[in-house]
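In: okay, predicted coordinates and the sequence, questions at the end:
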Amino acid sequence: MNPDDTNDRVTVLVADDEEAPRQQLIAALRQAWPGARLVAEAANGVDAWDAYLEHEPQVCFLDIRMPGLSGIEVAQRIDGRVPVVFVTAYGDHALAAFDAGAVDYVMKPVDVTRLTQAVQRVRSRLDRPAAPDLSALLAQLSGGLRKPAPPSVIQASVGKEVRLIRVEQIVYFESDARYTRVVYDDEQGSAEALIRTPLKELLAQLDAHQFWQVHRSVIVNHHHIASALRVDEGTMVLTLRGRSERLPVSRHFQGLFKGQ
């Protein structure tokens, strides 16, 4: 995984919240898969998901237990688009994933011989376009990981005032330079405010059933979505109930709107 390697090699993302195990895995990958090219490494699940959207790696190695988003939650968001190998110190999760047909797992500390076997499985998957459906398994494993309850209120600054915005009032969040813009409905109608929490961190806090990420810079309360319009082969926009805005839907998230 030399930065001078050619661009036609398989691209890889590695995520582990502990520096030493992450570097040990990267070193082991250099031995087990010399043709792979590391395009991103992350120290938590939030950054791992953001790096996936930015770099679109062909394979992801994800530690199961990470702050923000767990490796399982990141895999749920990847949704079978690329092979995922779980990296874990907890055999119960890893064995369950393997037995149910996940691509593979490796235990910490990573053994090069075992990693080579996992790489071989991944490479065989890359030659097959159809990916196994792991949604039920990942949902089961995710349920075994403790996660804080989603917030019911967002505190936002409007001038000198700090407003407490009920989550159900929020229509969407949008990245705005150094801030995140919160667009919501209040008693007077449409309103907006700014918060310092980055969008990618909000994603880990919000209820994923209510708030859908539709773009790297947009999270929308799906109760406010009126329709999804496909403009052309690669472009889709959302219309919102009672509002004139059109929100972009990036390619990664267009599968949310399939119709019946």
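Out: Nice, I can see it.
In: run through the bridge partners of residue 183.
Out: residue 172, residue 192 (DSSP bridges).
In: from residue 46, how far out is it?
Out: 22 Å (C-beta to C-beta, to the nearest Å). The way it works is simple: take the backbone N, C-alpha and C, and place the C-beta from them, glycine included.
In: name the residue in the two with the higher neighbour count.
Out: A count of neighbours by other C-beta atoms under 10 Å puts residue 46 above the other of residue 183 and residue 46, at 24 against 21.
In: got the phi/psi numbers for the closest residue to the more buried one other than its chain neighbours?
Out: The shortest distance from residue 46 to any non-neighbouring residue, by C-beta to C-beta, 6 or more residues apart in numbering, is to residue 68 (3.7 Å). Main-chain dihedrals, residue 68, degrees, to the nearest 10: phi 80, psi -90.
In: so what's residue 68 up against?
Out: Residue 68 is in contact with 44, 45, 46, 47, 201, 204, counting by C-beta atoms under 8 Å, 6 or more residues apart in numbering.
In: just the buried subset of those residues, please.
Out: 44, 45, 46, 47, 201, 204 (16 or more other C-beta atoms under 10 Å).
In: export the residues you listed to CSV and tack on secondary structure, pLDDT and distance to residue 126?
Out: Shown next, in CSV, are the buried ones among the contacts of residue 68 (DSSP: H, G, I helix; E, B strand; the rest coil; pLDDT from 0 to 100; distance: C-beta to C-beta, whole Å):
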residue, secondary structure, pLDDT, distance to residue 126
44, coil, 96, 26
45, helix, 95, 23
46, helix, 95, 26
47, helix, 96, 24
201, helix, 93, 32
204, helix, 91, 29
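In: closest to residue 62 out of those residues?
Out: Distances from residue 62 to the buried ones among the contacts of residue 68, taken as C-beta to C-beta, are shortest for residue 45 (7.8 Å).
In: for that closest one, give its distance to residue 201.
Out: Residue 45 sits 11 Å away from residue 201, going by C-beta to C-beta.
In: helices of the stretch 151-260 of the chain, start to end?
Out: 199-205 (DSSP state H, counting those that start in this stretch).
In: residue ranges with poor pLDDT in it?
Out: 259-260 (pLDDT under 70).
In: where do the domain boundaries of this protein fall?
Out: 11-143, 153-256 (automatic domain parsing).
In: winner for burial among the ones you listed?
Out: Most buried of the domains of the chain, by mean neighbour count (mean count of other C-beta atoms under 10 Å): domain 11-143, with a mean of 19.
In: off-centre distance for that domain?
Out: 13 Å (C-alpha atoms, centre = their mean, to the nearest Å).
In: if we can go back for a sec, reformat the contacts of residue 68 as a markdown table; add distance to residue 58.
Out: Listed next are the contacts of residue 68 as a markdown table, based on distance: C-beta to C-beta, whole Å:
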| residue | distance to residue 58 |
| --- | --- |
| 44 | 22 |
| 45 | 19 |
| 46 | 21 |
| 47 | 19 |
| 201 | 26 |
| 204 | 24 |
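In: closest one of these to residue 118?
Out: residue 45 (20.1 Å).
In: OK, contacts around the spatially closest residue to that closest one that is not a sequence neighbour?
Out: Nearest residue to residue 45 in three dimensions, chain neighbours excluded: residue 69, at 3.0 Å (C-beta to C-beta, 6+ apart). By C-beta under 8 Å, 6+ apart, the residues touching residue 69 are 44, 45, 46, 48, 49, 77, 203, 204.
In: now the two most distant members of the residues you listed.
Out: 44 and 77 (14.0 Å).
In: once you drop chain neighbours, what's closest to residue 203?
Out: Per C-beta to C-beta, 6+ apart, closest to residue 203 is residue 213, 5.9 Å.
In: please apply the same query to residue 220.
Out: Residue 220 sits nearest to residue 172 (C-beta to C-beta, 6+ apart), 4.2 Å away.
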